[in-house]
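> Need coordinates for the below:
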Amino acid sequence: MNERDSGRGEVRAISSLTNPVIKDIRALAMKKERERTGLFTAEGLKLVTDAIDSGWDIRQLVHSVKVRDQTMVRRTIAAAQARGALVLEVTDAVLEKIARRDNPQMVIGVFAQRWLRLADLDPARQTLVIALEGVKDPGNLGTVVRTADAVGASAVVLIGETTDPFGTEAVRASMGSIFARPLVRAGIDEFFDWAGAHRLPVVGTHLKGAVDYRAVEWREPGILLMGNEQSGLPQPIAERCDALVKIPMAGTADSLNLAIATAVVAFEARRGRLAL
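Model prediction:
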């Protein structure tokens, strides 16, 4: 936020739809504002508590006056205050304006984004890294992050122009996993240079020149590279992979949704290594 957010740690009651702090939070629905401020919103008590418990930097906590006496909400308020967050007690009309929809979640948190660089990842400590090139759908991205968490992947690397993982829909689709998996941004050359320097095999998914994903000897640490929802991996990128795999289709469908395909291949890549 800006200089108007000078009350970190205090509690304010707000009913005005034109309050400047509310306007600032509402503006985080726009990607350019998230990029400018480095902040984002998480909607719902579970997501907010997941983020706080994972040590994410909370700047504001917004909650409905209706739920202020609920035990979990009181605990979350106390935790946010202990971390210096500004707590805003608001009306339902204000919550609806922030969430831009009817029947919004009763608790919303504003957090600082957290990004890593490839150089921050210790190759020796990685299991499976899931890399995504050119992903455009925020629901897909959030679901892939959730899958990465479920399968025990070490990190999610976003290559090139991708949708924002800190957009509301992506955060919601991650079901809190965005707070548990490191996120990395990288260019395509930077990505392959890093993988090559550390001898990390890159296995891409592709329809041409690919083998059954179950026939590959998956190594750890290693990288699973998935392409864009519509076009998949561009041929020049596919040619730089160490191996290419595909999921055989038994019916008339010629492909799977990106998030589902990622889950299918990622669980196969980690088969035998999961603590089930």
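> Any idea how far apart the tips of stretch 177-184 sit?
Taking CA to CA, to the nearest Å, stretch 177-184 runs 15 Å from one end to the other.
> Could you list the buried residues of stretch 43-52?
Neighbour-count burial for stretch 43-52, counted by 16 or more other CB atoms under 10 Å, picks out E43, G44, L45, L47, V48, T49, D50, A51, I52. For glycine as for every other residue, the C-beta is placed from the backbone atoms N, C-alpha and C.
> And stretch 219-231, by the same measure?
Buried, per 16+ other CB under 10 Å, within stretch 219-231: P221, G222, I223, L224, L225, M226, G227, N228, E229.
> tell me the two of these that are most distant?
Farthest apart among those by CB to CB are P221 and E229. That separation is 26.3 Å.
> Check which helices and strands the longest helix that the chain contains sits against.
Taking DSSP state H as the criterion, the chain has its longest helix at helix 138-151. Contact partners of helix 138-151 among helices and strands, from 3 or more CB pairs under 8 Å, 6 or more residues apart in numbering; DSSP states H and E: strand 128-133, strand 155-159, helix 168-174, helix 258-269.
> what would those look like in JSON lines with mean pLDDT and distance to L116?
Shown next, in JSON lines, are the helices and strands packed on helix 138-151 (pLDDT from 0 to 100; distance: least, CB to CB, whole Å):
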{"stretch": "strand 128-133", "mean pLDDT": "97", "distance to L116": "12"}
{"stretch": "strand 155-159", "mean pLDDT": "97", "distance to L116": "7"}
{"stretch": "helix 168-174", "mean pLDDT": "95", "distance to L116": "16"}
{"stretch": "helix 258-269", "mean pLDDT": "95", "distance to L116": "20"}
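> circling back: and the longest helix of the chain with helix 258-269, angle?
20 degrees (axes from the mean of the first three to the mean of the last three CA atoms, to 10 degrees).
> For helix 138-151, output the C-alpha coordinates as CSV.
What follows is helix 138-151 as a C-alpha-only set of coordinates in CSV (Å, rounded to 0.1, in the frame of the first residue of the first chain):
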residue,chain,number,x,y,z
PRO,A,138,-5.4,-18.5,-13.7
GLY,A,139,-7.5,-21.4,-12.6
ASN,A,140,-5.2,-23.8,-14.4
LEU,A,141,-2.2,-22.2,-12.8
GLY,A,142,-3.6,-22.3,-9.3
THR,A,143,-4.6,-25.9,-9.7
VAL,A,144,-1.1,-26.8,-10.9
VAL,A,145,0.3,-25.1,-7.8
ARG,A,146,-2.0,-27.2,-5.7
THR,A,147,-0.9,-30.3,-7.6
ALA,A,148,2.7,-29.4,-7.0
ASP,A,149,2.0,-29.2,-3.3
ALA,A,150,0.1,-32.5,-3.3
VAL,A,151,2.9,-34.4,-5.2
